[in-house]
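Trainee: Output the structure for:
(one chain, ligands or ions: 1)
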Amino acid sequence: MAYTDFSVEEIDTVMQDAWNAFHVYRKFSLKQRAAFMKAIAVELENCGDALIHTAMSETNLPEARLRGERARTIFQLNSYAEACEKADWLGAGIDTAIPDKVPPKPDIRKMLVPLGPVVVFGASNFPLAYSTAGGDTASAFAAGCPIIVKAHPAHAQTSEIVANAILSAASTCNMPKGIFAHVYGAGFEVGKALVMHPHTKAVGFTGSYTGGKQLFDWGNQRKDPIPVFAEMGSVNPVFLMPEKLDAAATEIATMYAGSITLGVGQFCTNPGIIIGVESKALQTFVHDLGKAIQKTAPAAMLHNGIATAYKKNKDSALLQDDVHLVAESETPSAVENPDGGLSGLPTIATATGQAFLNNPVLHQEVFGPYSIIIRCKDMQEMIEVAKNLEGQLTSTLMATENDIKDNDELVEAVKNICGRFILNSVPTGVEVCLSMQHGGPFPASTDARFGSVGADSIKRFARPIAFQNWSNNLLPDELKDENPLGIWRTVNNELTKAAVL
Ligand code: NAP
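Mentor: Numbering: from 1, shown residues only. This is a model prediction of the structure:
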C-alpha cells in the first residue's frame, strides 16, 4: 500500500495539536496515564490475527516470532503502566524547612515533570516492540508526553494498524486531541522537519548509527537543542577467556552459532566480534562454529535494503587485508524464497588481533548473520583490542572465576565500554525488567546514562522541577505532606511512604 509523505503544513498541524494536548495531558494523574496505556495493550490484543499477518507480509518475520513480539509489547505497556502509577521513577524528594537555621532553610520538594511532545522513530527489525506502540511510546506516555510516531516505511501498514489501536484507546480514555499522531515519510525530510519543529521536546529513536547520529545532530543544531535518545547498532564483543575455552570450546561454538544466526542476525545485540587467544582450543572453537554455520540455512531478511546492506558490508569486511572466510552456510533455505536477493547468508570470518587493531572497518557493525573471530597472539593483545573498541550495548565474557581473577585489566577494560556486561551466556535476548540496561557509551547510544528497555526508560522524557516554599494545598499530590498517592519519597534524606508531619 502506498502512503503519501506528510507535507510541512501537515506536520505543523500535527505538532500544534500535540502541543495543545501536552498542556492537558501533563495534568492527568498517573492513574489516568496508566489506564490509557493498559487500554492500548487491550486494543493491541484485539487487533487479532490481522496485525500478525500484515506484519508477516511486510517483514518476512515468522508468525511465532511476531506473536511473541506482540506479547512483549503488551507486557511493556502494562508493566510500564504499573511503574508509572507506582511512581518510583518520579524520584519524589522533600526537604522540609528549618526556619531557625542561619540563614533559614526553605521547604524544597522535587519531582519529575514531562518534557513535552516526543517524536518516535521505530526500527524495522522490531515492527511491534520497538515501533509504533513499542518501548519509546510506552515510556513517553507514562512520563506524560504526547507522541508523534514516524511510521517505518518498511512496515507502514503494520504501523497503521497499531496507530489505529492507540487512537481507539485514546478515544475510550477521553484523551485530548493530539495525544498521538502517526506520520508518514519515506524520505529524510519528514524526519528532519519533525525533529526541528519548535514544539518537539525530545526524540526516541531505534535504528542504525547513521540514522541516529543524523537525528542527534539535528536535535543539537536547533535554536533550543533537545535530547535525542538514539539506541543504535553495536558489535557486542565476546571475549573467550583461556581456561573457559579450554574446558568448553565445542559447547560455546554451538551456543554462539545459534546466537549469531537468531532472527537472521537482525538483532542489535547480535554478537558481531568474538575475540580469543591463539591456542588449540581456539582452533577447535573456530572449526566447530564454522561447521555449525555451514549447517544453518539462510532465510529472508526484513527487506531489500537490509539484505543489500548486509551483502555489501559483509563483502567489504571479507575484502580487508588479513581477513579470511571461515565458513558460509551450505544448507539450502527451508522455505522457498520468492526473492533470492533477500536471503541473509550465515557467514563467519577471521582475522588476527593486529589486523583488527590496524583497521577500523573491522570494528563496524555488519547487520545480519555474520561474525568475525579475532585471534590475538596473547592476553596483552586481547587487552589492546578491548581498549580499542567503541561503546557497546553489551559485552560478554566467556570465563571461569580464575579467568576473571587473573585478568583484571581486561575485565575492567571490557566493563568500561558496555551498558550490559554478560558472563557465560549470549547477548541476544533482552529481558524487559527494571534492572535491565539497554543502552551504552556512544556510539551504542547517544546518552549512556539512560536505556530504552525497562520502566527506568520513562525518566528520559521527564525533567526535574523543585518547588520552593509552596503551601501544601498548592503542591502536586505527589509532593503533598499527607502523601495521598502512597508513593515512595525521600523525606529529609530517608526513603519512606510516611506522611510529612
Ligand atoms: P534505520 O535505517 O536507521 O531506520 C530507523 C528509522 O530512522 C526509520 O524510520 C528511518 O526512516 C529513520 N532514519 C534513518 N536514517 C535517517 C536519516 N538519516 N534521517 C532521518 N531519518 C532517518 O534502522 P533499521 O534498518 O530500521 O534497523 C536496523 C538497525 O537498527 C541496526 O543497525 C540495528 O543494530 C539497530 N537497532 C538498534 C536497536 C537498539 O536498541 N539499540 C534495536 C534494534 C535495531 P527511513 O526508513 O525513511 O530511512
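
Trainee: alpha carbons only for contacts and neighbour counts from here, please
Mentor: Will do.

Trainee: How about the residues of this protein by the ligand?
Mentor: 121-125, 152-153, 186-188, 191-192, 206-208, 210-211, 214, 231-234, 267-268, 367 (Cα under 6 Å from any ligand atom).

Trainee: List only buried entries from those.
Mentor: 121-125, 152-153, 186, 191, 206-208, 211, 214, 231-234, 267-268, 367 (16 or more other Cα atoms under 10 Å).

Trainee: Check which helices and strands the host helix or strand of Val286 is in contact with.
Mentor: Element membership of Val286, judged by DSSP states H and E, is helix 280-294. If contacts are counted by 3 or more Cα pairs under 8 Å, 6 or more residues apart in numbering; DSSP states H and E, helix 280-294 sits against helix 242-261, strand 324-328, strand 347-352.

Trainee: so of the ones you listed, which one's packed in deepest?
Mentor: strand 347-352 (a mean of 23; mean count of other Cα atoms under 10 Å).

Trainee: Relative to the whole chain's centre, how far out is that strand?
Mentor: Chain-centre distance of strand 347-352: 27 Å, with Cα atoms, centre = their mean, to the nearest Å.

Trainee: Just the CA trace of the following helix or strand past it, in CSV.
Mentor: Sequence order places helix 353-358 as the next helix or strand after strand 347-352, per DSSP H and E. Taking C-alpha atoms only, helix 353-358 is exported to CSV below (Å, rounded to 0.1, in the frame of the first residue of the first chain):
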residue,chain,number,x,y,z
GLY,A,353,44.4,-9.2,16.6
GLN,A,354,46.9,-7.0,14.7
ALA,A,355,44.7,-6.8,11.6
PHE,A,356,41.8,-5.7,13.8
LEU,A,357,43.8,-3.1,15.6
ASN,A,358,45.0,-1.7,12.3
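
Trainee: Pull out the buried positions in the helix holding Val286.
Mentor: 281-282, 284-294.

Trainee: which one of these is nearest the ligand?
Mentor: In terms of Cα to the nearest ligand atom, no member of those lies closer to the ligand than Ile293, at 20.9 Å.

Trainee: unless I'm mixing things up, that closest one is touching Ile348, no?
Mentor: Yes - taking Cα atoms under 8 Å as the definition, Ile293 is a contact partner of Ile348 at 7.4 Å.

Trainee: shared neighbours, those two?
Mentor: Common contacts of Ile293 and Ile348 (Cα atoms under 8 Å, 6 or more residues apart in numbering): Ala327, Glu328.

Trainee: still on that earlier bit, export the helices and strands packed on helix 280-294 to a markdown table and tack on distance to Asp5 and mean pLDDT?
Mentor: As requested, these are exported to a markdown table (distance: least, Cα to Cα, whole Å; pLDDT from 0 to 100):
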| stretch | distance to Asp5 | mean pLDDT |
| --- | --- | --- |
| helix 242-261 | 35 | 98 |
| strand 324-328 | 40 | 98 |
| strand 347-352 | 37 | 98 |
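
Trainee: Please, where are all the strands along the stretch 51-200 of the chain?
Mentor: For the stretch 51-200 of the chain, applying DSSP state E, counting those that start in this stretch gives strands covering 93-95, 108-114, 118-121, 147-150, 180-183.

Trainee: Run through who's touching the first one.
Mentor: Pointing back at strand 93-95 there. Residues contacting strand 93-95 (Cα under 8 Å, 6+ apart): Asp107, Ile108, Arg109, Lys110, Met111, Leu479, Arg489, Thr490, Val491, Asn492, Asn493.

Trainee: so how far is it from its chain's centroid?
Mentor: Worked out by Cα atoms, centre = their mean, strand 93-95 lies 32 Å from the chain centre.

Trainee: What is the end-to-end distance of stretch 321-332?
Mentor: End-to-end distance for stretch 321-332: 30 Å, by Cα to Cα, to the nearest Å.

Trainee: Point out where this structure drops to low pLDDT.
Mentor: For the chain, the stretches with pLDDT under 70 are 1, 334-341.

Trainee: make it 90
Mentor: Residues of the chain that meet the criterion pLDDT under 90 lie in 1-3, 186-187, 233, 331-343.

Trainee: looking at it, which residue ends up farthest from its center?
Mentor: Asp100 (49.5 Å; Cα atoms, centre = their mean).

Trainee: Name the nearest residue to Gly93, sequence neighbours excluded.
Mentor: Closest residue in space to Gly93, ignoring its immediate chain neighbours: Thr490 at 4.6 Å, by Cα to Cα, 6 or more residues apart in numbering.

Trainee: Same check on Pro441?
Mentor: Gly391 (4.4 Å).

Trainee: For the one you found, give its distance to the ligand.
Mentor: Gly391 sits at a distance of 12 Å from the ligand (criterion: Cα to the nearest ligand atom, to the nearest Å).

Trainee: what sits against that residue?
Mentor: Contacts for Gly391 (Cα under 8 Å, 6+ apart) come out as Ser234, Ile417, Cys418, Gly440, Pro441, Phe442, Pro443, Ala444.

Trainee: List the contacts of the nearest residue to Pro176 once chain neighbours are set aside.
Mentor: Sequence neighbours aside, Ala21 is the residue nearest to Pro176 in space, at 5.4 Å (criterion: Cα to Cα, 6+ apart). If you count contacts by Cα under 8 Å, 6+ apart, Ala21 has them with Pro146, Pro176, Lys177, Gly178, Ile179.

Trainee: Would you agree the third one is in contact with Asp17?
Mentor: Right, Lys177. Yes - with contact defined as Cα under 8 Å, Lys177 reaches Asp17; the gap is 6.7 Å.

Trainee: contacting residues for whatever residue of the stretch 351-500 of the chain ends up closest to the ligand?
Mentor: Closest approach between the stretch 351-500 of the chain and the ligand, counting by Cα to the nearest ligand atom: Phe367, at 5.9 Å. Counting by Cα under 8 Å, 6+ apart, Phe367 touches Gly265, Gln266, Phe267, Cys268, Ile306, Ala309, Tyr310.

Trainee: does the third one count as helix, strand or coil?
Mentor: For Phe267, the reduced secondary structure class is coil; criterion used: DSSP: H, G, I helix; E, B strand; the rest coil.

Trainee: Within the sheet, what are the partner strands of the one helix or strand Gly276 maps to, with directions?
Mentor: Gly276 is located in strand 273-277, with elements delineated by DSSP H and E. When pairing is defined by DSSP bridges, strand 273-277 lines up against strand 238-240 (parallel), strand 370-376 (parallel).

Trainee: and that strand, C-alpha only, in CSV?
Mentor: What follows is strand 273-277, C-alpha atoms only, in CSV (Å, rounded to 0.1, in the frame of the first residue of the first chain):
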residue,chain,number,x,y,z
ILE,A,273,33.0,-9.9,17.1
ILE,A,274,34.4,-12.9,19.0
ILE,A,275,37.9,-12.5,20.5
GLY,A,276,40.2,-15.3,21.7
VAL,A,277,43.9,-16.0,22.1
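
Trainee: continuing past the strand or helix carrying Phe22, what's the next helix or strand?
Mentor: Taking DSSP H and E as the criterion, Phe22 maps to helix 8-25. Next along the chain after helix 8-25, taking DSSP H and E as the criterion, comes helix 30-46.

Trainee: roughly how far out does that following helix sit from the chain middle?
Mentor: 22 Å.

Trainee: now stretch 268-287
Mentor: 26 Å.

Trainee: same check, this time on stretch 255-273
Mentor: Chain-centre distance of stretch 255-273: 16 Å, with Cα atoms, centre = their mean.

Trainee: Next, the distance between the ends of that stretch.
Mentor: Terminal-residue distance, stretch 255-273 (Cα to Cα): 15 Å.

Trainee: ok, now stretch 231-244?
Mentor: 32 Å.

Trainee: same deal with stretch 150-158?
Mentor: End-to-end distance for stretch 150-158: 13 Å, by Cα to Cα.
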